[in-house]
Structures are given as C-alpha cells and as structure tokens.
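> whatever this is, show me its structure:
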Amino acid sequence: MLTLRKAQDRGYADHGWLKSYHSFSFADYFDPAHMGVGNLRVINEDRIAPGTGFGTHSHRDMEIVSYVLEGAVGHKDSIGNGASIVPGEVQRMSAGTGIAHSEYNHAADQTTHFLQIWLLPDRKGITPSYEQKAFADVEKRGRLRLVASPDGRDGSVTIHADASMYAGLFGNDERAELALDPKRLAYVQLVRGTLYANGQALEAGDAAHLDGESRLVLDHGRDAEVIVFDLAR
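The predicted structure follows:
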C-alpha cells in the first residue's frame, strides 16, 4: 500500500529567521495522524535566514541527520566538533546520553535550506558522537546511493538505528529500483523536482509512505532529488 503525503498538508512554522515545514508532529504542530513512520520521527524542511540560526540547545537519545540543499550549516557541539555542512554532505549526530549543539547560517546574503531528520535509536544511553561525509552527485545520478545505515556499509555514515537512508538524483529516462522487505516500512521524500514512485506522481515536498510493498520503483523524474528511508516498524 502506498499513502501519499502532499507537501501542502505538512505543518508550517514561520519564526521570521526560520521557516520550517514539518512532515510529522513537531513543536507547536500536532497531528495525531502524523506522528512519524516507524522509527522515523522528524523530517523538517528548514530555511534559515542569513546571519541567524539555532542557538545552543540540548538533545538526548536521538539520531539526528542533516542533509543540506543550499547554503551551509555551521555546526558546533559540546563534544568538540565544529564544521560547515554544505550540499552533498550528510551529517549524523548521535545525542545518546546528552549533547548540546548549535546550527547557524553564517552567510551574509544566502538562505540555508536543509532537511533536519530525527530517528529513534535502537538503544538508549550511548556515548554521544558525530560523523560527516560527502557524496558526489555522480554517485546519486540515476540511482539510490546509500548515505546512512546501521553498519556504515558502502561508505555511508553510521546511524544507531534500524534504518537505512538513500539519496538519488533523477531526470530524463533515469530509473532506479530498490528491493523492500514487506515486513518493514519505506518512506520517500521528494526534495525537489518531480518524480514517480511506484506509479504515483510526486511534486517537490510530497512524500509516499509504503507499507507491505516488496519494491520501490522511481522513474519519470524531472530535476528530481529524493530521499528514501527503509525503516523498522
């Protein structure tokens, strides 16, 4: 079964410095029908105004992944990491027993556009940690490139959760197929462009929740960038 989640049906918050679309219930947006999918709890599509950002705040027992689309995110945390995350890079922060961090747009004239993704960890109380890797467009062109996984296989970042995350770029006649376990869940988030998922047309910001499916077919893309999650129930 495939369930469509339209972009305009997401929650939305405008804080002036931050404009954010919430795929699932988050902060002041609450919808009991959209609390997450399996162990995927947050997909926020954030736009941070120049010279602003998230001040230092804390998390625990959550796997947090950042996927930058435009601009850059300046990251600092309480375990000594400081980095700039740019398009093509994936950052993973395991909050574990507790971590404080800030995410900032240091640019004077460019908005930072990125996805903030949270997954429930497979165990609580791990030591906080951080990882960041770059994935070239050529690795994602016309295919689904694994960018995060529980075992860090194929050069992906390691997440402490029963989930795998793929990224792909599609256009023209490019097509990709991903085998799925019908006992698990899959979630397709189209970041930009247009794309078909198992025959369902998606536009930028749309998502498709797959339950009981044995495969995912992505085709008929036009300037499409997509994120796909393979998830525990």
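> what about the most centrally placed residue in the chain, is that helix, strand or coil?
Nearest residue to the geometric centre of the chain (Cα atoms, centre = their mean): I117, 4.4 Å. Under DSSP: H, G, I helix; E, B strand; the rest coil, I117 falls in the strand class.
> do S164 as well
strand.
> for H34, same thing?
coil.
> excluding its backbone neighbours, what's nearest it?
Closest residue to H34 apart from its sequence neighbours, by Cβ to Cβ, 6 or more residues apart in numbering: F24 at 5.1 Å. In short, each C-beta sits where N, CA and C put it, glycine included.
> same question, F54
Using Cβ to Cβ, 6+ apart, the closest residue to F54 is E103 (4.5 Å).
> equivalent analysis for H209, please.
Nearest to H209 is T3, by Cβ to Cβ, 6+ apart, at 4.4 Å.
> look up how far M165 lies from the residue nearest to H34.
16 Å (Cβ to Cβ, to the nearest Å).
> more neighbours, these two?
Using other Cβ atoms under 10 Å, the more surrounded residue of F24 and M165 is M165, with 28 against 21.
> how far away is A7 from Q189?
From A7 to Q189 the distance is 10 Å (Cβ to Cβ).
> okay, and the common contacts of the two?
In terms of Cβ atoms under 8 Å, 6 or more residues apart in numbering, A7 and Q189 are not both contacted by any residue.
> wait, the residue nearest to the centre of the chain sits on V65?
Yes - I117 lies in contact with V65 (Cβ atoms under 8 Å); the separation is 4.2 Å.
> now H160: which helix or strand?
Assigned by DSSP states H and E, H160 belongs to neither a helix nor a strand.
> what about the residue nearest to it when sequence neighbours are not counted, how many neighbours?
Setting aside the residues directly before and after it, H160 is nearest to P121 in space (Cβ to Cβ, 6+ apart), at 4.7 Å. Other residues near P121 number 20, with proximity taken as other Cβ under 10 Å.
> separation between P121 and S129?
11 Å.
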